[in-house]
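Q: quick check, what structure comes out for this input:
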Amino acid sequence: MRKLVLILIILLLVSACSNSNWRTASRESAGIAPNPVDVQEAVIEFYGADAFSWRGWFAVHTWVAIKAESAAEYTAYEVVGWRVKRGLPALRKYTTTTPDRYWYGAKPEKILSITGDKAKRLIPEVIAAAERYPWANEYTLVPGPNSNTFPAWIGLQVSDLELDMPFRAIGSGYADTEIEN
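A: Predicted coordinates for the structure are as follows:
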């Protein structure tokens, strides 16, 4: 009887996921990022969205996007585990006009948004911190380093961001723990 209940719970969790196929899951813009064509000032934004599939019940995936003053695109940074399995760095840097894309079906939310002079001043520090991220080629779901370790690392390196990671950002504490060691 216990096995049957456990199987039913697992089936319920898996079937309740918003999208079980990453290939067809939405990656469209959520419409929450300042449009780089309309907004000329510098922008720093941290986003978080439910992790893909059943993991989203427990955890979020987080990433960072920056736009220099008068830039036509954002530069986004994120850590993705599947890249390591393919022999690529976990840390991915790319340019985009839509840094607020759905994370494989999950709508992102802003964790932090800084614009104007403060963003302009902090962008070089964010870029420098990203370039010295110590786990750029590593990914471990738990305890880290993972997708949440990277934004947490940036926040620790650039304290003027005053970044407060979400509770469900599992792995965000890894950066702090490793720095202490």
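
Q: tally of neighbours for residue 110?
A: Counted with other CB atoms under 10 Å, the neighbours of residue 110 add up to 13. C-beta coordinates here come from the backbone N, C-alpha and C atoms, glycine included.

Q: kindly report the same for residue 70.
A: Residue 70 has 10 nearby residues by other CB under 10 Å.

Q: in three-state terms, label it for me.
A: With DSSP: H, G, I helix; E, B strand; the rest coil as the basis, residue 70 sits in coil.

Q: was I right about it contacting residue 37?
A: No - counting by CB atoms under 8 Å, residue 70 does not reach residue 37; the two are 10.9 Å apart.

Q: what about residue 63, which SS state?
A: Three-state assignment for residue 63 (three-state DSSP): strand.

Q: flag the shaky bits of the chain, pLDDT-wise.
A: Applying pLDDT under 70 to the chain flags residues 4-27, 52-57, 178-181.

Q: what are the ranges of the strands in it?
A: 43-50, 60-67, 74-79, 91-96, 109-115 (DSSP state E).

Q: name the strands paired with the last one and say parallel or antiparallel.
A: Strand 109-115 pairs in its sheet with strand 43-50 (antiparallel), by DSSP bridges.

Q: roughly how far is the strand it pairs with from the heart of the chain?
A: 6 Å (CA atoms, centre = their mean, to the nearest Å).

Q: ok and that strand relative to strand 74-79, angle-wise?
A: 40 degrees (axes from the mean of the first three to the mean of the last three CA atoms, to 10 degrees).

Q: residue 144 against residue 174, yeah?
A: Yes - if you go by CB under 8 Å, residue 144 and residue 174 touch, sitting 2.8 Å apart.

Q: which of the two has more residues huddled nearby?
A: When residue 144 and residue 174 are compared for neighbours, residue 144 comes out ahead with 24 against 21, by other CB under 10 Å.
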